[in-house]
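Undergrad: need the 3D shape of this:
(chains A and B)
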Amino acid sequence: MSIFSTLSQKPWMADQALVDNEHMGKSMTLSLRKATLFLLLIVIAILFTLFSVAYIGRMAYGDWRTLPEPLLLWWNTAIMVFSSFSFYRANVNADHNNIKKTRIYLLVSGALTISFIVGQLFVWRELISFGYFVSTNPSYGFFYLLTALHILHLLGGLIAWLVVMLKSFTLKNDPVNFALKVNLCAIYWHFLLIVWAFLFVMLLLT
Amino acid sequence: MSESIVPESELEEVELYHAKSWWTEKVFTQDAKLIAVQYGLTAFAIGFVALVLSWFMRIQIAFPELSIISEGTYYQFITMHGMIMVVYLLTALFLGAFGNYLIPLMVGARDMVFPYLNMVSYWTYLVAVLVLFVSFFTPGGPTGAGWTLYPPQAILGGTPGQESGIILMLVSLCIFIVGFTMGGLNYVITILQARTRGMTLMRMPLTVWGIFTATVLALFAFPALFVSAVMMLFDKLLMTSFFMPALVEFGENLTYGGGSPILFQHLFWFFGHPEVYIVALPAFGIVSDLISVHARKNIFGFRMMVWAIVGIGALSFIVWAHHMYVSGMNPYFGFFFATTTLIIAVPTALKVYNWVLTLWKGNIHLTIPMLFCLAFIVTFLNGGLTGLFLGNVVVDVPLSDTYFVVAHFHMVMGIAPVLVILGAIYHWFPLITGRMLHDGMGRFHFWVTFIGSYLIYFPMHYLGFIGVPRRYYEMGQTEALYTSSAADLNVFITLAALAVGFAQLVFVFNVFWSAKKGIVAEKNPWKAASLEWQTPDQPPVHGNFGKELPVIYRWAYDYSVPGAEDDFIPQDVPNEKVKLAKGHSQLGVEST
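TA: Just a heads-up that it's a prediction; the model follows:
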């Protein structure tokens, strides 16, 4: 769909009417759910971008202190990568209609995601034990805020994951729909991995 | 016009939800039309609260000796009035109410693509409204920080409602944004992916284009408000210093330090300015359609109108700092934003010209919707022109804190969109309820609202020019700053405001009375060509279009087509089924 060619149409002309009468009513070939997910991801990306802009804007002030980098964050990042990879495998297996393997990979993905969240909470505990509270410095405040927001998005994803897991047990004659749901979850997880990678690099660099 | 080709099969449909009980049919409904009514009633209910607040403020300004409200209450009322009107009334009405009702009907869908999500969107909105409303009854009352909620004062002691009001306001906004996002995803995807056969994007009525673009703006702009609200909540509850600089309060050093209040302003206005167009673009779209229907003429420059809507939407993201000329920002910033602000006037003016040119030689019916449209054009023009004044830094700086600004934004963002909403309700009421609104009460409502609004806001420009400051609870006795003529004018304005307020009560009565006892509307009473009037039932029932979805053969503006017997051709009528006028052998030709 080219927006420019769309906007140059003259819907009142007879020759254009011939073309328009053939139109199927869809602007994209994507399925409804996938199109909605992509739009949602754009909105979430804007949300994190604006937080990052605020982060960078606030850094310019003199009281900014560099963040400590707990080693655990690297482990958590690795867990998030594996979780996303496991979702990729689940997706491939769902496409091949291999429900048993899909379910195993889904389970692994969920377990790894929960481990990631717990890992992030341990990072918080470590920071607090050093006396780095949310109000100690804006850099710490942002760290808690951004990681919490990322965790919230993962928790939202886990609700979808739970629905797909349950579906894998009650699955009857709808493998295509199931594969689509696994695919949507996988896309969401890959996206949250990218968001985390972006946040992590930003936190490391500053 | 050449022969139409009927597509072979019906479009793949979204599975339609069917309610199983009274509760799921009438209360927790998933039908977009009923959700629209729920949105509308809730928005009007909370909007009425905001209207009553404005009466108290006006009485206080006109008759300060009565001390009808205290200074703290005055600021609380200002804040709540502004936020409710902008976010909880206008945004919810245009997108939640009109969006839900009109999108599926106008694009030829049976419902929104995700009805359940749509339902959750409304109930989340209701929770947001209730959280906000509850703040009236909490210790300290609602926040009095001003509708822009600028830190640091928004969360400091001394500002009314800093105990809990500000927290409830920020939480309510976050809930509203979450709820809106659910609805917004639905509106955009329904428009892009669930149109009926033959309904190309450029065959959609401008109402849908306006709502579509505004929804995209809202999806992209509301996150900025979410970010600022969350960060301010952190500052308030967890004592972070995102926005809070080092402060001394009542002789005590606060723990805050180093934060940037300007950062908040940038984030807030990055949302705030697109918000103006989130309200304006649906209004532009609706007014275009109403003018076309009631002047029996196709909209002039349809493509230009679509380009202008899209162009205004894009430009609205690069003008935000014109709200911040007096914040002490870099003057070069001001130059940039003044330029972009003036540029956005180009597509906006283009729309005004096109409305006027649509009226030119049209068969103008002075129905109540048309009266509201005409009133909108002049009001929007007025408000827009004063916007050009304020868009220039050197003019804005002396006028920024005066009543001139109050007059400007009420004309352009208050009265103008409300006139469209009212016109739209008179226009679509027969579709929604199957009955006509009472004409006499309607005309009374129109004239009092229209003339009354001018009596309120025109004098405010004068007050601004002579330097009367806005936001003041009372003006004091200084003749140099507040002349006796200004005081008299304020009394006059208040009386006009109360009269306009009374007219709204007549309107509310008319709506409820006519819904029960109004004249039963004939089918498609305005003889409109767009699809929402072509449903088998009026009002449309669940599923909208009976057994089969309609197929679209033309744009929504085939009015007074030469050669046709009727002066309109509905969108779902193919050329071969159009009745030809006597003496004509084909459509589109003046005479044979």
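Undergrad: and whichever residue of the stretch 451-592 of chain B sits closest to chain A, how many residues sit next to it?
TA: The minimum distance from the stretch 451-592 of chain B to chain A, using C-beta to the nearest C-beta, falls at B:W555 (4.1 Å). C-beta coordinates here come from the backbone N, C-alpha and C atoms, glycine included. The number of residues packed near B:W555 is 26, by other C-beta atoms under 10 Å in any protein chain shown.
Undergrad: backbone dihedrals for it, please?
TA: Backbone geometry at B:W555, expressed as degrees, to the nearest 10, gives phi -80, psi -180.
Undergrad: roughly how far apart are B:I167 and B:L238?
TA: B:I167 sits 12 Å away from B:L238, taking C-beta to C-beta, to the nearest Å as the criterion.
Undergrad: now the helices: where do they sit in the stretch 151-300 of chain B?
TA: B:165-193, B:206-237, B:261-294 (DSSP state H, counting those that start in this stretch).
Undergrad: tell me which residues are up against the helix or strand just after the longest one.
TA: Tracing the chain past helix B:261-294, the next element assigned as helix or strand by DSSP states H and E is helix B:302-315. By C-beta atoms under 8 Å, 6 or more residues apart in numbering or on different chains, the residues outside helix B:302-315 that reach it are A:3, A:7-12, B:202, B:206, B:209-210, B:213-214, B:216-217, B:274, B:277, B:280-281, B:284-285, B:288, B:299, B:340, B:343-344, B:347-348, B:350-351, B:354, B:555, B:557.
Undergrad: just the buried positions in helix B:302-315, please.
TA: Within helix B:302-315, the residues scored as buried using 16 or more other C-beta atoms under 10 Å in any protein chain shown are B:302, B:304-306, B:308-313, B:315.
Undergrad: hmm, which two among the residues you listed are most spread apart?
TA: Pairwise distances across the buried residues of helix B:302-315 (C-beta to C-beta) peak at 20.3 Å, for the pair B:F302 and B:L315.
Undergrad: my read: B:G301 touches B:N354, true?
TA: Yes - between B:G301 and B:N354 there is a contact under C-beta atoms under 8 Å: 4.5 Å.
Undergrad: look at B:I167 and B:L238 and report which has more neighbours.
TA: B:I167 (20 against 13).
Undergrad: shouldn't the residue of the stretch 451-592 of chain B closest to chain A be in contact with B:R203?
TA: Yes - the criterion here is C-beta under 8 Å, and B:W555 meets it with B:R203 at 4.9 Å.
Undergrad: got any residues that touch both of the two?
TA: Shared contacts of B:W555 and B:R203 (C-beta under 8 Å, 6+ apart): A:11, B:571.
Undergrad: measure B:M106 to chain A for me?
TA: According to C-beta to the nearest C-beta, to the nearest Å, B:M106 stands 13 Å off from chain A.
Undergrad: that residue: what secondary structure?
TA: Here B:M106 is recorded as helix under DSSP: H, G, I helix; E, B strand; the rest coil.
Undergrad: who touches it in this structure?
TA: Shown in contact with B:M106 (C-beta under 8 Å, 6+ apart): B:204-205, B:207-208, B:530-532, B:556.
Undergrad: the same query, at a cut-off of 7 Å, please.
TA: B:204-205, B:207-208, B:530-532 (C-beta atoms under 7 Å, 6 or more residues apart in numbering or on different chains).
Undergrad: can you add neighbour count and give those residues back as TSV?
TA: Shown next, in TSV, are the contacts of B:M106 (neighbours: other C-beta atoms under 10 Å in any protein chain shown):
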residue	neighbour count
B:M204	27
B:P205	28
B:T207	27
B:V208	28
B:S530	24
B:L531	29
B:E532	25
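Undergrad: which one of those residues sits closest to B:E522?
TA: Distances from B:E522 to the contacts of B:M106, taken as C-beta to C-beta, are shortest for B:E532 (15.7 Å).
Undergrad: number of nearby residues for B:E163?
TA: Residues lying near B:E163 (other C-beta under 10 Å) number 14.
Undergrad: can you give me phi and psi for it?
TA: Dihedral pair for B:E163: phi -70, psi -60, per degrees, to the nearest 10.
Undergrad: can you tell me which residues contact it?
TA: So B:E163 contacts B:139-140 (C-beta under 7 Å, 6+ apart).
Undergrad: can you count the residues close to B:T255?
TA: Other residues close to B:T255 by other C-beta under 10 Å number 12.
Undergrad: what about it, distance to chain A?
TA: Applying C-beta to the nearest C-beta to B:T255 and chain A gives a distance of 7 Å.
Undergrad: and the gap between the nearest residue to that residue once chain neighbours are set aside and A:L73?
TA: Of all residues not flanking B:T255 in the chain, B:M239 sits nearest, at 5.6 Å (C-beta to C-beta, 6 or more residues apart in numbering or on different chains). When distance is defined by C-beta to C-beta, B:M239 is 25 Å away from A:L73.
Undergrad: more neighbours, those two?
TA: A:L73 (21 against 16).
Undergrad: quick one, what contacts the more buried one?
TA: A:123, A:200 are the contacts of A:L73 under C-beta under 7 Å, 6+ apart.
Undergrad: how about B:F376?
TA: Contact analysis of B:F376 by C-beta under 7 Å, 6+ apart lists B:287, B:416, B:419-420, B:423.
Undergrad: on that earlier part again, hang on, the residue nearest to B:T255 packs against B:G259?
TA: No - B:M239 is not in contact with B:G259 according to C-beta atoms under 7 Å; the separation is 10.9 Å.
Undergrad: which SS state does A:I42 fall under?
TA: Following three-state DSSP, A:I42 is assigned to helix.
Undergrad: okay, it: pLDDT?
TA: If you check A:I42, the pLDDT there is 98.
Undergrad: near it, how many other residues are there?
TA: Using other C-beta under 10 Å, A:I42 is surrounded by 13 other residues.
Undergrad: chain B versus that one, what's the distance?
TA: 8 Å.
Undergrad: so which strand or helix has the residue positioned nearest the centre of chain A?
TA: The centroid of chain A falls nearest to A:L192 when counting by C-alpha atoms, centre = their mean (2.9 Å). When elements are assigned from DSSP H and E, A:L192 belongs to helix A:175-205.
Undergrad: what comes up buried for that helix?
TA: Buried, per 16+ other C-beta under 10 Å, within helix A:175-205: A:178-193, A:195-196, A:199-200, A:202-203.
Undergrad: distance between that helix and the chain's centre?
TA: Computed by C-alpha atoms, centre = their mean, to the nearest Å, the chain-centroid distance of helix A:175-205 equals 4 Å.
Undergrad: where in chain B is pLDDT low?
TA: Low-confidence segments of chain B (pLDDT under 70): B:1-15, B:478, B:590-592.
Undergrad: tell me how it divides into domains.
TA: B:30-204, B:522-592 (automatic domain parsing).
Undergrad: of all those domains, which lies closest to B:Y403?
TA: Closest to B:Y403 of the domains of chain B is domain B:30-204 (C-beta to C-beta; 9.9 Å).
Undergrad: ends of the closest one, how far apart?
TA: End-to-end distance for domain B:30-204, by C-alpha to C-alpha, to the nearest Å: 24 Å.
Undergrad: please tell me how far B:I189 sits from A:I187.
TA: For B:I189 relative to A:I187 (C-beta to C-beta), the value is 16 Å.
Undergrad: so in chain A, which helix runs the longest?
TA: helix A:138-170 (DSSP state H).
Undergrad: give me the buried positions along that helix.
TA: By neighbour count with 16+ other C-beta under 10 Å, helix A:138-170 contains the buried residues A:138-151, A:153-154, A:157-158, A:161, A:164-165, A:167-168.
Undergrad: equivalent analysis for stretch B:237-255, please.
TA: Buried residues in stretch B:237-255 (16+ other C-beta under 10 Å): B:239-245, B:247, B:254.
Undergrad: any idea whether whichever residue of chain A sits closest to chain B is helix, strand or coil?
TA: In chain A, the residue that lies nearest chain B is A:D63 (3.4 Å; C-beta to the nearest C-beta). Recorded secondary structure, A:D63: coil (three-state DSSP).
Undergrad: nothing else from me, thank you.
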